[in-house]
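>>> just to be clear, the model below is a prediction. Sequence and coordinates:
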Amino acid sequence: MTATSTRRADTTSTTTPTRAMLRAIARLAIVRSAMALPAIALPAIALLAGCHPQGDLPLPDGGQVEAYYDYENELRAEVSGNVAVVTVAQRPDQLRTGGRLWAKVGPYVFLFSEETRRLFDDFAGLAGVRVITTVDGTEVANAVLARDELTDVLWRRSINIAGRARRDGTGRMTLLEDLVEWGEEHTEFTYNPTYVSR
């Protein structure tokens, strides 16, 4: 682009600069000044702009993610790109007694927890946490929470809503409904229609 502009400028009069010539000279000056920046200045500019070198953004491995969650049934985790994927085996009797509400609520019980918040705090490279619930190996629900979705205030509210649902949800189904509504508002989610259409 600069070379083309320079060629056009050469074909015009050399005594009186045209607007096209002045624009071409200005563009060339900007390009040359950018190329003249020392290599050490570029990382500093990136940091000032809010970018971080990838080496400064730690990611956990699957075993580290698993260690954050205390769950009596099967739980396994892996890291796919910069997203932690936690797969949780849900008890079949929960779905038999709780139906579609228990099918939906599973991922949110784990996502909106102190454990997930600590995972984000400890691993700056983690962009999201996905929780997949299964029954007998079949996916029931799937939800992903992005790192920047919740402010500190929303985190406190999330943990409160999920904590009440875990503690009293069996006796007060409205608490589970509140958690599902909150989860659907703050995550990307999918449900297996086999379980939620009942």
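Cool, the structure landed.
>>> show me the domain layout of this protein.
According to automatic domain parsing, the chain comprises the domains 2-54, 59-196.
>>> can you give me the mean pLDDT across the helix or strand hosting Thr133?
Following DSSP states H and E, one finds Thr133 within strand 128-135. For strand 128-135, mean pLDDT rounds to 97.
>>> and for the helix or strand harbouring Val109, what's in contact with it?
Here Val109 sits within helix 92-111, counting by DSSP H and E. Helix 92-111 has contacts (C-beta atoms under 8 Å, 6 or more residues apart in numbering) with 69, 71, 86, 88, 90, 116, 129, 131-133, 135-136, 140-143, 145, 162, 165-166, 169, 173, 176-177, 179-180, 182-183, 187, 189, 191-192, 195-198. Quick note: C-beta positions are derived from backbone N, CA and C, even for glycine.
>>> which of these are buried, as a PyMOL select command?
Restricted to buried positions by 16 or more other C-beta atoms under 10 Å, the PyMOL selection for those reads:
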select buried, resi 69+86+88+90+116+129+131+132+133+135+140+141+142+143+145+162+165+166+169+173+176+179+180+182+183+187+189+191+192+195
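>>> for the nearest residue to Thr87 once chain neighbours are set aside, what are its contacts?
Closest residue to Thr87 apart from its sequence neighbours, by C-beta to C-beta, 6 or more residues apart in numbering: Ile132 at 4.7 Å. By C-beta under 8 Å, 6+ apart, Ile132 lies in contact with 85-88, 107, 139, 141-142.
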